[in-house]
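Visitor: Predicted model, plus sequence, below.
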Amino acid sequence: MIEDLSNYLKGRVKEIERLKKEGKKIVGYIPGGFIPEELIWAGGAIPVPLNRGGDHEAVLKSIEFMPRVFDTYSRCQIGYWALGEPLYQMGDLMVVPCTDKNIQAIGDCWEMWTETRLFRLGVPHNNTTEHAFRYYLEELHSLKDEIEKLTGNPITEARLREEIETANRMRSLLRQISETRKSETPPISGSDFIRLHHASFLADRNSMVRYLESLSQELKNRAGKRGPRVFLIGSSIAEGDYKIYELLESAGANVVMEDFSEGMRPYWQQVESDGDLIQALADAYFRKRAPLPAYFRPTGGRLSILLKLAKEYKVDGIVWYTMLYRESHEIEGIHFGRLAEKEGFRFLRLASDYDNAEYERLRTQIETFTESIKEGVSEGKVTSLGEKGEI
């Protein structure tokens, strides 16, 4: 069934090109979980994520437009534009969340080097205060106004509620599918699950909901293989950057949970579909979002949630996967690694620049990591795969 989805997506880009020629407005955005797609769909536009990665050619191309000090994922987004990637040329409006300096740099370059209108969405780095919530709420009102100006369509309460309900259904299904990986024999691989996330950004949302409903039913009668259970955490997981999943799986591990700032659709929270709908979006996307990105403060709550998930999914090891020069996540990874090891989890930190030359290094590190988990099981240091003992 994953193959069917892949075939559908191959034609989706051409379909979006056709819709643009017919007059549909295209809104490009960086998928960091702070830009509600519901607003874009409700305004009659098509949201298009700029979320490609894994290609070192795009990283190298970006050097013509931005310095190397920014992280690999952010440089890639400019590199793909410069290489003429179709989705990166279509936007009538580009929305960039002002999170950390790396993502903001995408907006700076977009404003400097392209003709596309840019909207910067302010995102406070602390969601525990009323002041921060009100700031983000006003930013969503400004985004709503910008989309209405772009399309000429008013975002009505009825239309927005419809889009919220559709998005809620999609999030609920993704959560259901993710929770099947709590099984000792997960019916879906981590690499297939992340592909579902990336497909959900680009596919028509109603088609995607039907696909997820069908897949959810199919998984009830499927079982995978046992193996070391891994929690994958990092800064960004781009469409096309699947080598980390493939290396873990080829070493016999199961990625049973993941958390990334960019490249994943937050699927834990739902949006209330009554009352003030813009406020409901702000509440879900900002105030209730969990886990939060690494650059949010205070950090304690985020790390506690990650450890709770690790225990809930009975993981044997945690892999912390960051993009080169993403300092906020690299620093947090050092701290979190110490906390995780105290809780009995094996821990591995990795960094990537999307360079083919790093492949063998990553493979060696991952194989050594997974073998250490297997040896721990055979020696009785871990009572069984997924159940913690003393390490």
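Guide: Arrived safely. What you see is a predicted model; the values in this text were computed from it and never measured. Numbers count the residues shown, from 1 in each chain.
Visitor: tally of neighbours for residue 290?
Guide: For residue 290, the neighbour count with other Cβ atoms under 10 Å is 16. All C-beta spots, glycine's among them, are computed from the backbone N, C-alpha and C.
Visitor: Without its sequence neighbours, what residue ends up closest to it?
Guide: In space, and not counting its chain neighbours, residue 290 is closest to residue 305: 5.4 Å by Cβ to Cβ, 6 or more residues apart in numbering.
Visitor: From residue 351, how far off is the one you found?
Guide: 23 Å (Cβ to Cβ, to the nearest Å).
Visitor: got a list of contacts for the helix or strand harbouring the residue nearest to residue 290?
Guide: Here residue 305 sits within helix 300-312, counting by DSSP states H and E. With contact meaning Cβ atoms under 8 Å, 6 or more residues apart in numbering, helix 300-312 is reached by 182, 231, 233, 257, 259, 290-294, 296, 318, 332, 335-336, 339-340, 343, 345, 388.
Visitor: just the helices in the stretch 251-391 of the chain please.
Guide: Ranges of helices in the stretch 251-391 of the chain, per DSSP state H, counting those that start in this stretch, are 277-282, 300-312, 327-342, 359-378.
Visitor: Residue 105 is nearest to which of those?
Guide: Nearest to residue 105 among these is helix 327-342 (13.1 Å), distances taken as Cβ to Cβ.
Visitor: how far off helix 300-312 does the closest one point, in degrees?
Guide: 50 degrees (axes from the mean of the first three to the mean of the last three Cα atoms, to 10 degrees).
Visitor: Quick check: mean pLDDT of helix 327-342?
Guide: Throughout helix 327-342, pLDDT has a mean value of 94.
Visitor: now stretch 257-266
Guide: The average pLDDT within stretch 257-266 is 93.
Visitor: is it fair to say residue 180 lies in a strand?
Guide: No: counting by DSSP: H, G, I helix; E, B strand; the rest coil, residue 180 is not part of a strand but helix.
Visitor: That one is in contact with residue 186, isn't it?
Guide: Yes: with contacts counted by Cβ atoms under 8 Å, residue 180 reaches residue 186, the gap being 6.6 Å.
Visitor: Name the residues contacting each of those two.
Guide: In contact with both residue 180 and residue 186: no residue, using Cβ under 8 Å, 6+ apart.
Visitor: who's more crowded, these two?
Guide: It is residue 186, of residue 180 and residue 186, that has more neighbours when counted by other Cβ under 10 Å, with 25 against 18.
Visitor: List the strands paired with the helix or strand where residue 120 lies, with their directions.
Guide: Element membership of residue 120, judged by DSSP H and E, is strand 117-122. Take DSSP bridges as the rule and strand 117-122 pairs in its sheet with strand 93-98 (parallel).
Visitor: contact partners of the partner strand?
Guide: Here strand 93-98 has contacts from 25-30, 32, 34-35, 45, 50, 103-104, 106-107, 110, 114, 116-123, 143, 146-147, 150, using Cβ under 8 Å, 6+ apart.
Visitor: related to what we said a few turns ago, figure out which of the helices of the stretch 251-391 of the chain is closest to residue 57.
Guide: The nearest among the helices of the stretch 251-391 of the chain, by Cβ to Cβ, is helix 359-378 at 15.2 Å.
Visitor: Next one: residue 156 from residue 275, what distance?
Guide: 16 Å.
Visitor: same check, this time on residue 338
Guide: Residue 338 is 43 Å from residue 275, by Cβ to Cβ.
Visitor: one step back: if you count what's nearby, which of residue 305 and residue 351 comes out ahead?
Guide: Neighbour totals were compared for residue 305 and residue 351, and residue 351 leads with 20 against 15 (other Cβ under 10 Å).
Visitor: Bridging across strands, which residues link to the more buried one?
Guide: Bridge pairing for residue 351 - DSSP bridges - gives residue 322.
Visitor: For it, list the residues it contacts.
Guide: 321-324, 330.
Visitor: Show me the strands in the chain, by range?
Guide: Secondary structure of the chain (DSSP state E): strands at 26-29, 46-49, 93-98, 117-122, 229-236, 254-262, 317-323, 346-352.
Visitor: Show the contacting residues for residue 154.
Guide: residue 148.
Visitor: Use 778 as the first number for this chain going forward.
Guide: Happy to do that; since the first residue is 778 now, the last one works out to residue 931.
Visitor: Please report how far it lies from residue 802.
Guide: 14 Å.
Visitor: try residue 857
Guide: Residue 857 is 21 Å from residue 802, by Cβ to Cβ.
Visitor: Need the residues that contact stretch 901-919.
Guide: 811, 813, 816, 876, 896, 898-900, 1055-1056, 1058-1060, 1062-1064, 1066, 1069, 1072-1075.
Visitor: what separates it from the chain centre, distance-wise?
Guide: 21 Å (Cα atoms, centre = their mean, to the nearest Å).
Visitor: Over to stretch 841-852?
Guide: On Cα atoms, centre = their mean, the centre of stretch 841-852 falls 19 Å from that of its chain.
Visitor: Can you tell me which residue sits nearest the middle of this structure?
Guide: residue 1041 (1.6 Å; Cα atoms, centre = their mean).
Visitor: Quick check: pLDDT value at the closest residue to that residue other than its chain neighbours.
Guide: Nearest residue to residue 1041 in three dimensions, chain neighbours excluded: residue 974, at 5.3 Å (Cβ to Cβ, 6+ apart). Looking at residue 974, its pLDDT is 92.
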